[in-house]
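>>> any chance you can model this:
(one chain, ligands or ions: 1)
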Amino acid sequence: MYNINKWVITVIVLIVIGVLVNKYAPVPGGIQERQTLSQGAFPTQIIEMTKSGFVPENIVIPVGTTVQFVNTDTELHWPASGEHPTHQACPGFDAFSPIAQGQFYEFTFREARVCPMHDHLNPSLEGLITVGNFQ
Ligand SMILES: [Cu+2]
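As a prediction, the model looks like this:
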């Protein structure tokens, strides 16, 4: 009788421990949720592509910021990272095609680094995006 009670108590204790561990363990997807939230933590920065170049042509942004390159000119523009023509300074930052008037290209900068940029169709139009770990 005593042994059976001891066994029943052991099972109950194990069940209670199991329930508590389950309750306080990290929920799968919790990290994903925080990452999704942090993606929207900084407002989108807008850079206009004009006849005379990028406006502004020099910005400093926190890691995770999305920059929207809007063509406000009648001519085509093509934003990309340096160096022309390979665009390897900040991999992925390249519109890969001309952007027409009223259209835009967006890129989210996820690494802290300095990204020289230029207009691939007119490489003398240059700018600089500095991406840092700021709060
Ligand atoms: Cu180029």
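>>> what number of residues lie near the residue lying closest to Glu57 once chain neighbours are set aside?
Leaving aside its sequence neighbours, Glu57 sits nearest to Gly127 (C-beta to C-beta, 6 or more residues apart in numbering; 3.7 Å). In short, each C-beta sits where N, CA and C put it, glycine included. Per other C-beta atoms under 10 Å, the neighbour tally for Gly127 reads 21.
>>> so what's Gly127 up against?
Counting by C-beta atoms under 8 Å, 6 or more residues apart in numbering, Gly127 makes contact with 47, 53-54, 56-59, 116-118.
>>> how much space between it and the ion?
The gap separating Gly127 from the ion is 13 Å, by C-beta to the ion, to the nearest Å.
>>> neighbouring strands for the strand or helix carrying that residue, and are they parallel or not?
In this assignment (DSSP states H and E), Gly127 forms part of strand 122-132. If you go by DSSP bridges, strand 122-132 pairs up with strand 58-62 (parallel), strand 113-119 (antiparallel).
>>> before we move on, back to that, neighbour-wise, which one of the contacts of Gly127 leads?
Using other C-beta under 10 Å as the neighbour criterion, Met117 leads those with 28 neighbours.
>>> no more questions from me, cheers.
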